[in-house]
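Asker: give me coordinates for this.
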Amino acid sequence: MFDIKRQTSTADAPAHVGSRLATEVVSPGGGLLRRAEAENLLAKNSIAVWSAGGAAGKSTIALNLAASLSTNGQRVALIDADTHSPALDLMLGLQQRTAGLLAIARLARQERYSDTEHERLVSRVGNGKNRVDFIAGLASVARWSELESVGLQAACEQISTRSDYQIFDLASPLDSTLIEPEYATPRNLVTRFLLGHCSTLVVVTSPDPVAIARLIAEFGELRRQSAGRIMIVMNRFRTSVLGSNARRQLTDVLREHLGDLELFFVPDDPALFDSALAKATSVTWMRPRSQAARALRTLASAVESTGPT
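Answerer: Residues are numbered from 1 along each chain as shown. Sure, this is the predicted structure:
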């Protein structure tokens, strides 16, 4: 058993980085805005799901959050916007990767997007009340440079008119300097654009010192990119390593470094999540009475507390 507070004491971030909000925020278009101005531009029914890397279960949370909202009667669009390591199509058992988001962005920018095109580009997963509209990102990650801000904005507007909630699964890297000379588009433009676009940011981490230290180190830049509401999800939570006071330890460490943020715990249940993955479905649909499904519905209810616009 280890003391997570001691293990993360050397994290590369000042204490209370989350409580001292930057007065300026990077806008979806790339410029700087005052935080109040940036908040006014947020899409109130859009949720970005992000992690600091390290296989924290980001895509699993995105999928199950979408499924939980759908069981509450919401029309949900789940968009794979990870331009580094997209995984949602594989998790959903879709055999052919399509360039859904890229195609929508192109058509919307040309004012050619229609309900017919929407039906062609969306994959409906689940059935009946348990249904989510899935939109793949890129047919190949090598095509990341074809997505740009104007097209993304137009795509988001079109998707939002056809859903109550939009959930974007983002890539982890935040670095704005990662520019390849042959491309005009920065490598991480999609992540940075959507952080500035979405009104809610669900940050996924896991209960180990490396993951938490990584989150603390990245949080200042994350806060500069997003003016939205931030919810921390402690995924794969278990007491076997941290002991009976694990929840208190983790809560104290995160609030010491990041401020008084909303914190949610999803219990570790490898067999259940592996079974859902094998069946290409969500835990909340497959085993709605499980502890994990209940925790995910609690997260969904918190997201809904602001209500769609």
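Asker: please, which helix or strand holds the nearest residue to L152 once chain neighbours are set aside?
Answerer: The shortest distance from L152 to any residue other than its chain neighbours is 5.3 Å, reached at F193 (Cβ to Cβ, 6 or more residues apart in numbering). For every residue, glycine as well, the C-beta is placed using N, CA and C. Assignment of secondary structure by DSSP states H and E places F193 within helix 189-197.
Asker: please save the CA atoms from that helix in PDB.
Answerer: Included here for helix 189-197 are C-alpha records, laid out as PDB according to Å, rounded to 0.1, in the frame of the first residue of the first chain:
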ATOM      1  CA  LEU A 189      -6.000  21.600 -33.600                       C
ATOM      2  CA  VAL A 190      -9.100  19.400 -33.200                       C
ATOM      3  CA  THR A 191      -8.500  18.800 -29.500                       C
ATOM      4  CA  ARG A 192      -7.800  22.500 -28.800                       C
ATOM      5  CA  PHE A 193     -10.800  23.700 -30.800                       C
ATOM      6  CA  LEU A 194     -13.200  21.400 -29.000                       C
ATOM      7  CA  LEU A 195     -11.800  22.200 -25.600                       C
ATOM      8  CA  GLY A 196     -12.800  25.800 -26.400                       C
ATOM      9  CA  HIS A 197     -16.100  24.800 -27.900                       C
END
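Asker: what about it, average pLDDT?
Answerer: Here helix 189-197 scores 91 as its mean pLDDT.
Asker: output the contacting helices and strands for it.
Answerer: Here helix 189-197 touches strand 24-26, strand 43-51, strand 76-81, helix 149-160, strand 165-170, helix 209-225, going by 3 or more Cβ pairs under 8 Å, 6 or more residues apart in numbering; DSSP states H and E.
Asker: which one, of those, ends up nearest to P270?
Answerer: Ranking the helices and strands packed on helix 189-197 by distance to P270, with Cβ to Cβ as the measure, places helix 209-225 first at 16.6 Å.
Asker: what about the residue nearest to L152, neighbour count?
Answerer: When counting by other Cβ atoms under 10 Å, one arrives at 27 neighbours for F193.
Asker: so it makes contact with G151?
Answerer: No: in this structure F193 lies outside contact range of G151 using Cβ atoms under 8 Å: 10.1 Å.
Asker: need the residues touching each of the two.
Answerer: Common contact partners of F193 and G151 (Cβ atoms under 8 Å, 6 or more residues apart in numbering): none.
Asker: hang on, the earlier thing: JSON lines for the helices and strands packed on helix 189-197, including mean neighbour count and distance to V202?
Answerer: As requested, the helices and strands packed on helix 189-197 are exported to JSON lines (neighbours: other Cβ atoms under 10 Å; distance: least, Cβ to Cβ, whole Å):
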{"stretch": "strand 24-26", "mean neighbour count": "20", "distance to V202": "18"}
{"stretch": "strand 43-51", "mean neighbour count": "24", "distance to V202": "5"}
{"stretch": "strand 76-81", "mean neighbour count": "26", "distance to V202": "13"}
{"stretch": "helix 149-160", "mean neighbour count": "19", "distance to V202": "17"}
{"stretch": "strand 165-170", "mean neighbour count": "28", "distance to V202": "8"}
{"stretch": "helix 209-225", "mean neighbour count": "20", "distance to V202": "12"}
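Asker: would TSV of those with distance to H257 and mean pLDDT be doable?
Answerer: Listed next are the helices and strands packed on helix 189-197 as TSV, based on distance: least, Cβ to Cβ, whole Å; pLDDT from 0 to 100:
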stretch	distance to H257	mean pLDDT
strand 24-26	20	57
strand 43-51	16	92
strand 76-81	27	96
helix 149-160	31	92
strand 165-170	22	97
helix 209-225	5	91
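Asker: ok, the residue nearest the centre of the chain - contacts?
Answerer: Using Cα atoms, centre = their mean, the residue of the chain that lies closest to the mean C-alpha position is V49, 0.7 Å off. In this structure, V49 makes contact with 58-59, 61-62, 65, 167-170, 202, 204, judged by Cβ under 8 Å, 6+ apart.
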